[in-house]
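Colleague: test case, fold it:
(one chain, ligands or ions: 1)
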Amino acid sequence: MAKKELLKVDGLKQYFPIKGGMMGRTVNHVKAVDDISFTIYEGETVSIVGESGCGKSTTGRAILRLEEPTEGTVTFNGHELTSLSKREMRKLRKDLQIIFQDPYASINPRQTVADVLDEAMTIQKVLPAKERRKRIIELLETVGLNEYQADRYPHEFSGGQRQRIGIARALSVNPKLIICDEAVSALDVSIQAQVLNLLQELQKDFKLTYLFISHDLGVVRHISDRVIVMYLGKIVEIGDKYSIFENPKHPYTKALLSAIPVPDPTREKKHIVLTGDVPSPIDPPTGCRFHTRCPFAQEKCKVDVPELSTHASMINGHEAACHFVEEIENGTLQAEGFEEAVF
Ligand SMILES: Nc1ncnc2c1ncn2[C@@H]1O[C@H](COP(=O)(O)OP(=O)(O)OP(=O)(O)O)[C@@H](O)[C@H]1O
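Modeller: Down below sits the predicted model:
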């Protein structure tokens, strides 16, 4: 069956102005997201990974127009979100929900759980008032809570339970796409696994599509169908989970992955250590943004911006933005102090 495109991000840029001087004029910009394009198909889970500050959250916020994108388009289910009025966008927000790392921060502590869910449904006119209580109980049960907890306050719940409330709130308006921004990052590993499993069950039951934002490669490996790797506001590699984890092509992806434990201890693992700090997104390096930290960098990398492209050893839409994918692959380009890790 043909895959249905649900979200298409095209040439998205999100620059934040930096004000300075006596007049408070814009003196520069933080190029948090700098010309990225990708598509998400109905029913899949796409993750964005990368080090802190690479633009993951900004991408999620720009899609929802919680920030107004500087450039580019976001098309959701046939609607170009970037050209909708605020009112039209408010209506569509029902289809696009977000779950944050700390649901407590976005829940009014003086509201009971029932109030929180009722409010979400009222704003989006989901059900008549008299039917909402029944729906609230149903929602709580769906996320593994129970009706006796409906009239409790957020502080009476554990972190994992609060995240379940956040999920119930998102579900209450029957969304199509949920952006999970570091949704399990603050939870203990065992609770993380429970919440991830819940998200997977809900995906099946309610035909949900997820954009999963996480710096945790273990979580990404567990949950994703496809993975987008970002570095300093750009996509450096994109592909299905197996391509990214078993056959990474971009030196940055290889380095990120070499920092996580290998599940099979009989497989040898050599580390590619990411040296130096991430450069500033205010004045990112020319050419390939990763060249200042890349053990394979050549003169060309300092000048030419690499485009995402595919090569003979890459399958299923796997693309990397590196000038030397083939040379690194066949060993004609070697780097001092760099040994290919066994993934
Ligand atoms: N409102 C803002 N104004 C100015 N700069 C911002 C703003 N929001 C984000 N940034 C900057 O944009 C860059 C990308 O931030 P973003 O939060 O998207 O990164 P991230 O990959 O999600 O990292 P983290 O996991 O640490 O949140 C960072 O340099 C950040 O400081």
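
Colleague: low-confidence ranges in the stretch 201-343 of the chain?
Modeller: Applying pLDDT under 70 to the stretch 201-343 of the chain flags the ranges 260-273, 336-343.

Colleague: which residues of it fall in strands?
Modeller: Under the criterion DSSP state E, counting those that start in this stretch, the stretch 201-343 of the chain carries strands at the ranges 209-213, 226-231, 234-240, 319-320.

Colleague: what is the burial count for G166?
Modeller: Residues within reach of G166, counting by other CB atoms under 10 Å, total 27. The C-beta positions use only the backbone N, C-alpha and C, and glycine is treated the same way.

Colleague: mind listing what it touches?
Modeller: The contact partners of G166, taken as CB atoms under 8 Å, 6 or more residues apart in numbering, are 99-100, 103, 106-107, 183.

Colleague: ranking those residues by neighbours, who comes first?
Modeller: A183 (29 neighbours).

Colleague: now that residue, nearest residue through space, not along the chain?
Modeller: Using CB to CB, 6 or more residues apart in numbering and skipping the chain neighbours, the partner closest in space to A183 is I99 (4.6 Å).

Colleague: show me what from the stretch 201-343 of the chain comes close to the ligand.
Modeller: 215, 281 (CB under 6 Å from any ligand atom).

Colleague: show me the helices in the stretch 201-343 of the chain, by range?
Modeller: Assigned by DSSP state H, counting those that start in this stretch, the helices in the stretch 201-343 of the chain fall at 217-223, 241-246, 251-258, 299-303, 325-330.

Colleague: and P281, which of the ones you listed is closest to it?
Modeller: helix 251-258 (15.2 Å; CB to CB).

Colleague: now that closest one against strand 234-240, angle please.
Modeller: 60 degrees (axes from the mean of the first three to the mean of the last three CA atoms, to 10 degrees).

Colleague: now for helix 251-258, which elements pack on it?
Modeller: strand 226-231, strand 234-240 (3 or more CB pairs under 8 Å, 6 or more residues apart in numbering; DSSP states H and E).

Colleague: export these as TSV, with columns for distance to G166.
Modeller: Output for the helices and strands packed on helix 251-258, formatted as TSV (distance: least, CB to CB, whole Å):
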stretch	distance to G166
strand 226-231	23
strand 234-240	28
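
Colleague: and stretch 28-46, does that touch the ligand?
Modeller: Yes: against the ligand, stretch 28-46 shows contacts by CB under 6 Å from any ligand atom at 30, 32.

Colleague: now that stretch, how far from the centre of its chain.
Modeller: 8 Å (CA atoms, centre = their mean, to the nearest Å).

Colleague: same question for stretch 126-134.
Modeller: Counting by CA atoms, centre = their mean, stretch 126-134 comes out at 32 Å from the chain centroid.

Colleague: what's the answer for stretch 296-303, then?
Modeller: Worked out by CA atoms, centre = their mean, stretch 296-303 lies 29 Å from the chain centre.

Colleague: how near is G218 to the ligand?
Modeller: Between G218 and the ligand the distance is 16 Å, computed by CB to the nearest ligand atom, to the nearest Å.

Colleague: same deal with V229?
Modeller: To the ligand, V229 is 11 Å away according to CB to the nearest ligand atom.

Colleague: and for R293, the neighbour number?
Modeller: 18.

Colleague: do a quick rundown of the strands in the stretch 51-200 of the chain.
Modeller: Taking DSSP E, counting those that start in this stretch as the criterion, the stretch 51-200 of the chain carries its strands at 71-76, 79-80, 96-99, 177-181.

Colleague: just put those in CSV and tack on distance to S224.
Modeller: Output for those, formatted as CSV (distance: least, CB to CB, whole Å):
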stretch, distance to S224
strand 71-76, 20
strand 79-80, 25
strand 96-99, 16
strand 177-181, 11
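
Colleague: let me have the ones you listed in a markdown table, extended by distance to V195 and mean pLDDT.
Modeller: Below are those laid out as a markdown table (distance: least, CB to CB, whole Å; pLDDT from 0 to 100):
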| stretch | distance to V195 | mean pLDDT |
| --- | --- | --- |
| strand 71-76 | 25 | 97 |
| strand 79-80 | 30 | 94 |
| strand 96-99 | 10 | 94 |
| strand 177-181 | 10 | 96 |
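
Colleague: ok, which of the ones you listed comes nearest the ligand?
Modeller: Among those, strand 177-181 comes nearest to the ligand, with 7.7 Å by CB to the nearest ligand atom.

Colleague: partner strands of that closest one, parallel or antiparallel?
Modeller: Its sheet considered, strand 177-181 pairs with strand 96-99 (parallel), strand 209-213 (parallel) by DSSP bridges.

Colleague: please report phi then psi for the residue in the stretch 101-250 of the chain that the ligand sits nearest to.
Modeller: Here the stretch 101-250 of the chain gets closest to the ligand at one residue, H215, 5.4 Å apart by CB to the nearest ligand atom. Backbone torsions for H215, taken as degrees, to the nearest 10, come to phi -100, psi 0.
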